[in-house]
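Chemist: Below is the structure, and that's it, no one-letter string:
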């Protein structure tokens, strides 16, 4: 007798070994039809399997359908194989390489004699739909490694043979067949191609074989796949919205910034964009001031010897820009922490001075690969709202709790209320003793518990010098952006001999908390642009008010209104051009100006303004004083 334990704790007995599909069928015809795979075992030992997997002993079993994340991943993995199947049907000479699942979809890399065209992509997608409709079974088989190499070589699939050749000789490999297409894969896969109904191919891009630029260039076809038609349509709609909100497009249209090939990975800020930058920076400067931070400024270039002591030269050198002068090696700083330690070391510090909080708008440089650069979101030169708290072990929890509360307030002011919390624990390459890592990880998790925040753990994702909390924002489209961070570091101050005099007169090394709220200002401004589709809140907008005359007769009054607003601290401009007022309104609306004030003879005579708010809202005529009060309230409440 064989006993299967289901997720609800119920048990079912069977007289003999049977497959996952047969278990599903014994529970109900609906579940049998919906089953995509199974999860056998419990806890960390649980493994995903095909519905054809044969259960030989007592075990826990969950039937996987498209309602679970694992089911969606199986759909996407299997759709990648369906893509390769379709390509081989249409282009038999193409060679298949790898096709993994990625966020929201999948890709597959191919070697082919010519580039795939948009017409090819449409034909491939059509062929995929035809093959899915045939509902062909997906069948698994296992071969010895050497036999599998010979099999793929015989099919002319050199890339697959190379992949299998890197596997140890004593290992068997699994292959999956649908129709006359067979692919190397660990699996699991859906039981038949008919389960794959809601997909779309997105684009073709270049990709080097095994990610190495010294290897040949392949063609990567990206696709997306979902469990239902509605989910697919929602995702495609989100992509359309994201394209409209693309910060690179809006940066050009709103004249905020540009990226230039003369300095890849750096930003050329235009006057309007720099106005937004300054507003964000000055806001964060007030945050420093109001929360006990002392602003400092460190140099851009530091000696190699310092980076060796901190561990960056060994662990991070490939991402650093280096230079040489007078036979000394230097690096542009990729982060600000070593400089802050050197400032801390000037003069004797007492336990009474702690916690000591330094903040810096520190310009950093990181040698990111060209292919990874993306507008102002991923750059080589960026500025952080970087802060470091020097404290004792006993102060860590209170500092982390206070920081999380502060971060939540800042994000709310910028329009973000949905925050995800993640604790990234010790990576494989790290410095410091294990007991120190234990203390640091515990402090971060306990601080989030005390703050009432639910969090997930990301094993191995910490920095090489300490674990961290990552604070991730959700934007208007539901996309996630990791911005803020809090890192507990027991090692770096010790490595650079930073000390304070303890209460008992002894010398001790401070604990160093690395923290940033918005992180890279460049990236955060890019997120803000996309979050608001370029229509930044009044307090952030580069031009808050435009005052437009109807005729030349109102020019002097327009100038006086603008001066009154500027005296109030408002970013206001006059539009006295000899153009129709409808033209002026349309032009400033396209520039997403929050308020357009229209002034004619009646408004001039009564000291009033006709107010149009963004979104084509006519707020009517009001006195200048009344409008100024409304505007001041908008700015104060950050709407």
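Modeler: On my side now, so go ahead. These numbers come from a predicted model, not from an experiment.

Chemist: Other residues contacting the host helix or strand of residue 142?
Modeler: Residue 142 is part of strand 138-144 when elements are defined by DSSP states H and E. Residues outside strand 138-144 that contact it (CB atoms under 8 Å, 6 or more residues apart in numbering) are 50, 52, 78, 81, 151, 172-178, 187, 189-193. All C-beta atoms are positioned from the backbone trio N, CA, C, and that covers glycine.

Chemist: Quick check, pLDDT for the residue nearest in space to the middle of the chain.
Modeler: With distances taken as CA atoms, centre = their mean, the residue of the chain nearest its centroid is residue 481 (4.2 Å). Residue 481 is assigned 92 on the pLDDT scale.

Chemist: Now it: which helix or strand?
Modeler: In this structure, residue 481 sits in strand 480-489 according to DSSP H and E.

Chemist: That strand - which strands sit beside it in the sheet, and in what orientation?
Modeler: strand 468-474 (antiparallel), strand 511-520 (antiparallel) (DSSP bridges).

Chemist: Of the contacts of strand 138-144, which count as buried by neighbour count?
Modeler: Buried subset of the contacts of strand 138-144 (neighbour count, 16 or more other CB atoms under 10 Å): 50, 52, 78, 81, 151, 173, 175-178, 187, 189-193.

Chemist: what's the model's confidence in the strand holding residue 142, averaged?
Modeler: On average, strand 138-144 scores 93.

Chemist: buried ones in that strand?
Modeler: 138, 140, 143.

Chemist: Could you dump those residues into JSON lines and include distance to residue 326?
Modeler: As requested, the buried residues of strand 138-144 are exported to JSON lines (distance: CB to CB, whole Å):
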{"residue": "138", "distance to residue 326": "66"}
{"residue": "140", "distance to residue 326": "65"}
{"residue": "143", "distance to residue 326": "62"}
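
Chemist: Bridge partners for residue 482, pull those for me.
Modeler: Assigned bridge partners for residue 482, using DSSP bridges, are residue 472.

Chemist: That one contacts residue 468, correct?
Modeler: No - applying CB atoms under 8 Å, one finds residue 482 not in contact with residue 468, separated by 10.5 Å.

Chemist: Which one of those two is surrounded by more residues?
Modeler: Neighbour totals were compared for residue 482 and residue 468, and residue 468 leads with 26 against 13 (other CB atoms under 10 Å).

Chemist: what sits against the nearest residue to residue 499 once chain neighbours are set aside?
Modeler: Of all residues not flanking residue 499 in the chain, residue 507 sits nearest, at 4.5 Å (CB to CB, 6 or more residues apart in numbering). The contact partners of residue 507, by CB under 8 Å, 6+ apart, come to 499-501.

Chemist: quick revisit: show me the contacts of strand 138-144 that map onto strands.
Modeler: Of the positions in the contacts of strand 138-144, 172-178 sit in strands, assigned by DSSP state E.

Chemist: rewinding a little: just the buried residues of strand 138-144 now: which is nearest residue 15?
Modeler: Distance to residue 15, by CB to CB, is smallest for residue 140 among the buried residues of strand 138-144, at 25.1 Å.

Chemist: Can you tell me how far that closest one is from residue 37?
Modeler: Residue 140 sits 11 Å away from residue 37, going by CB to CB, to the nearest Å.

Chemist: Which neighbours do those two have in common?
Modeler: With CB under 8 Å, 6+ apart, residue 140 and residue 37 have common neighbours 50, 189.

Chemist: what does the strand holding residue 481 contact?
Modeler: Residues contacting strand 480-489 (CB under 8 Å, 6+ apart): 337, 396, 400, 403-404, 407, 411, 420, 440-441, 443-444, 462-463, 465-475, 511-519, 523-524, 527.

Chemist: So which bits of that strand are buried?
Modeler: For strand 480-489, a neighbour-count test (16+ other CB under 10 Å) marks 481, 483-489 as buried.

Chemist: Name the helix or strand for the nearest residue to residue 424 once chain neighbours are set aside, please.
Modeler: Distance criterion CB to CB, 6+ apart; nearest residue to residue 424, sequence neighbours excluded, is residue 461 at 3.6 Å. If you go by DSSP H and E, residue 461 is not part of any helix or strand.
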